[in-house]
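Enquirer: coords below, sequence missing:
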């Protein structure tokens, strides 16, 4: 979604999970080497912040 | 006497693209900080708004008011100004300009091209079929942390003789729980691109069709004109589901010195006829190249543009000048090619 990179004339969409986990460099290196880039697991949602007690 | 509890001196902003709209992603001061340009040290002017303020109105038995109900639908809007900082080195999948994420959250796609010696990121409008980028954001000001989710924004920039071009992102997001936060928290953030000096406005090149040289550029303004709509959702605990974006109405204006009136198509190397350029409805390419060394510069291009208002005359320190208003437009009703912003 909304971010793309070009390698050797081919445009690839950067997975959101890659962006969210700051793994662009690893993903891109794998893609550039011809390997299937790993897709990180879904980003863990942070625990909800407890509401302050009255 | 105790010293003041909360101050406005130290501010900070963390942000990151969300995987799912309005679902918070974790932020870290080491990786997710951006550097806003609040030069007046007055804190960050975030504005709270509620879908329902809780107001219930007049008391039936007297002239007073009855107790309010519980408000819901808390959102925050805030204008965050930035100066531009490029990557400072060859752009890559890990090197971006300062407000890369904010541009994406303004409804623009980012496309990286890393051909040796001409590395760049190009931003063009996101298609409607694509879920637009949203951000999780944390604002640190006044000794407090304001967490936001589902943040989207509109983008403007303006430049004149005062020095730097100011890029302003008007953010809107769903408010989380505000918490106390010592100023040591934002003071500890890792500010990206700390060694990159923002390029100033001098040396900007504006091209209005064929008219580009020695035009006496005084100032310029751009507004993406992105429309963001609130999305109430009463099934949600706080009655608010964030925002959706609708159309954009980009506008660009500039003030330049008056020049020789050019004949058809009314823009030429040696002059420009603003009267006939408007009256003819002629189309032309428009671009603004912001100066700076490679990897610390940007260019805004409008492949098709028109004047959309009559020229306004101005006097600029004794020089006859004029304000011109332009509208970039798409080349066909289904094309998505009105705007291109390049950091290279």
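Expert: Yep, it's here. For clarity, every value in this text was computed on a predicted model and none was experimentally measured.
Enquirer: So, low pLDDT: which residues of chain A?
Expert: Low-confidence regions of chain A, defined here as pLDDT under 70, cover residues A:1, A:36-54.
Enquirer: for it, what spans make up the helices?
Expert: Using DSSP state H, the helices assigned to chain A run over residues A:16-20, A:24-32.
Enquirer: cool, and the stretch 51-200 of chain B?
Expert: Using DSSP state H, counting those that start in this stretch, the helices of the stretch 51-200 of chain B run over B:100-104, B:184-187.
Enquirer: Residues of chain B that sit close to chain A?
Expert: For chain B, the residues found near chain A under the criterion CB under 8 Å from any CB of the partner chain are B:16-19, B:23-26, B:31, B:92-94, B:104, B:108-114, B:126, B:130-133, B:147, B:176-177, B:179. Glycine gets a C-beta too; all of them are placed from N, C-alpha and C.
Enquirer: Give me the contact list for stretch B:193-206.
Expert: B:35, B:83-88, B:98, B:159-161, B:163-165, B:212, B:215, B:217, B:220, B:254, B:256, B:287-293, B:296-297 (CB atoms under 8 Å, 6 or more residues apart in numbering or on different chains).
Enquirer: can you pull the buried residues of that stretch?
Expert: For stretch B:193-206, the buried set under the neighbour-count rule, 16 or more other CB atoms under 10 Å in any protein chain shown, comprises B:193, B:196, B:198, B:199, B:200, B:201, B:204, B:206.
Enquirer: so where does the last one fall, helix or strand?
Expert: When elements are defined using DSSP states H and E, residue B:206 is found to belong to strand B:205-208.
Enquirer: burial measure for residue B:180, as a count.
Expert: Counted with other CB atoms under 10 Å in any protein chain shown, the neighbours of residue B:180 add up to 11.
Enquirer: Quick check: the farthest pair among the buried residues of stretch B:193-206?
Expert: With CB to CB as the measure, no two of the buried residues of stretch B:193-206 lie farther apart than B:193 and B:206, at 26.1 Å.
Enquirer: which one of the helices of chain A is the most hemmed in?
Expert: For the helices of chain A, average neighbour numbers computed from mean count of other CB atoms under 10 Å in any protein chain shown are highest in helix A:16-20, which has a mean of 21.
Enquirer: just checking, what packs against that one?
Expert: Here helix A:16-20 touches strand B:12-17, going by 3 or more CB pairs under 8 Å, 6 or more residues apart in numbering or on different chains; DSSP states H and E.
Enquirer: Adjacent strands (with direction) for the strand it packs on?
Expert: The sheet places strand B:12-17 alongside strand B:33-34 (antiparallel), strand B:135-141 (antiparallel), with pairing taken from DSSP bridges.
Enquirer: Contacts for that strand next, please.
Expert: Everything outside strand B:12-17 that qualifies as a contact, by CB under 8 Å, 6+ apart, is A:2-3, A:16, A:19-20, B:25, B:27-29, B:32-34, B:36, B:44, B:80, B:101-102, B:104-105, B:133-141, B:151, B:185-187, B:189.
Enquirer: circling back: for residue B:266, find the nearest of the helices of chain A.
Expert: Proximity to residue B:266 (CB to CB) singles out helix A:16-20 among those, at 45.4 Å.
Enquirer: any weak-confidence spans in the stretch 1-150 of chain B?
Expert: Looking at the stretch 1-150 of chain B by pLDDT under 70, you get an empty list.
Enquirer: try it again with 90
Expert: Judged by pLDDT under 90, the stretch 1-150 of chain B has its weakly predicted residues at B:39, B:127-130.
Enquirer: all strands of it, in order?
Expert: Per DSSP state E, counting those that start in this stretch, the stretch 1-150 of chain B carries strands over the ranges B:12-17, B:33-34, B:47-52, B:72-82, B:108-113, B:120-125, B:135-141, B:144-159.
Enquirer: Can you report how many residues lie near residue B:228?
Expert: Close neighbours of residue B:228, defined as other CB under 10 Å, add up to 20.
Enquirer: State the pLDDT value of it.
Expert: Residue B:228 is assigned a predicted lDDT (pLDDT) of 95.
Enquirer: Could you find the closest non-adjacent residue to it?
Expert: Beyond its immediate neighbours in the sequence, the residue positioned closest to residue B:228 (CB to CB, 6 or more residues apart in numbering or on different chains) is residue B:243, lying 4.8 Å away.
Enquirer: which SS state does that neighbour fall under?
Expert: strand (DSSP: H, G, I helix; E, B strand; the rest coil).
Enquirer: Give me the sheet partners of the helix or strand harbouring residue B:252 and which way each runs.
Expert: Secondary-structure assignment from DSSP H and E places residue B:252 in strand B:251-257. Paired with strand B:251-257 in the same sheet, following DSSP bridges, are strand B:219-223 (antiparallel), strand B:319-328 (antiparallel).
Enquirer: can you list contacts of the longest one?
Expert: It refers to strand B:319-328. Applying CB under 8 Å, 6+ apart, the external contacts of strand B:319-328 come out as B:208, B:216, B:218, B:249-258, B:274, B:286, B:302-309, B:311-315, B:338-339.
Enquirer: Would you show me how to pick out the buried ones of the residues you listed in PyMOL?
Expert: What follows is the PyMOL syntax selecting those of these that are buried according to 16+ other CB under 10 Å:
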select buried, chain B and resi 208+218+250+251+252+253+254+255+256+258+274+286+302+303+304+305+306+307+311+314+338+339
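Enquirer: Many thanks, we can stop here.
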